[in-house]
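> fold the following for me, if possible:
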Amino acid sequence: MLVAVALNLEFRAPRRAVRRAANLASCSASARAEGMISGLGVSSGVYEGPARIVREPKELDRLVPGDVLVALVTSPASTRSFGSIGAVVTDRGGALSHAAITAREHGIPGVVGTRDASKRITDGMRIRGDGTRGEVRMLK
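Numbering: from 1, shown residues only. Just a heads-up that it's a prediction; the model follows:
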């Protein structure tokens, strides 16, 4: 702290963090009503497919190739499933979470930190995950 004062340095939040805060603030009630969920885009790309809600590791067997994995969080137990899914969406997590790192390793879109995606999305619902913009859109 003394060094920062002596050198006249000031703290600035990283641009990505500032953009994320702005994106979350701009997610109005109308956007939520339209079926959009905001989070942190951690692996770029856009994928549209059926959502598969996974609440515990034993439910991973329900995933079929092309599904979008929607979960509270992911763990090493779910890693084997990333080879066949089209995208991943989690309620919790950040840029260094298991879901984020594994999505980047497998080259699939990833959106984490949505807070309530696993509650708002129903099993089998068609969704579009945009890992570049950090958005999940529930389609009709």
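
> surely Val73 meets Ser97?
Yes - counting by C-beta atoms under 8 Å, Ser97 is a contact partner of Val73 at 7.2 Å. Where you see a C-beta, it was placed from the backbone N, CA and C, and this is true even at glycine.

> now Gly110: closest residue in space that isn't a chain neighbour?
The shortest distance from Gly110 to any non-neighbouring residue, by C-beta to C-beta, 6 or more residues apart in numbering, is to Ala103 (3.1 Å).

> who touches both of Val73 and Ser97?
Contact criterion C-beta atoms under 8 Å, 6 or more residues apart in numbering; residues bridging Val73 and Ser97 by contacting each: Thr90.

> of those two, who's got more company?
The residue with more neighbours, out of Val73 and Ser97, is Ser97; 19 against 14, by other C-beta atoms under 10 Å.

> the closest residue to the more buried one other than its chain neighbours: neighbour count?
Using C-beta to C-beta, 6+ apart and skipping residues adjacent in sequence, the residue nearest Ser97 is Val112, 5.6 Å away. Close neighbours of Val112, defined as other C-beta under 10 Å, add up to 28.
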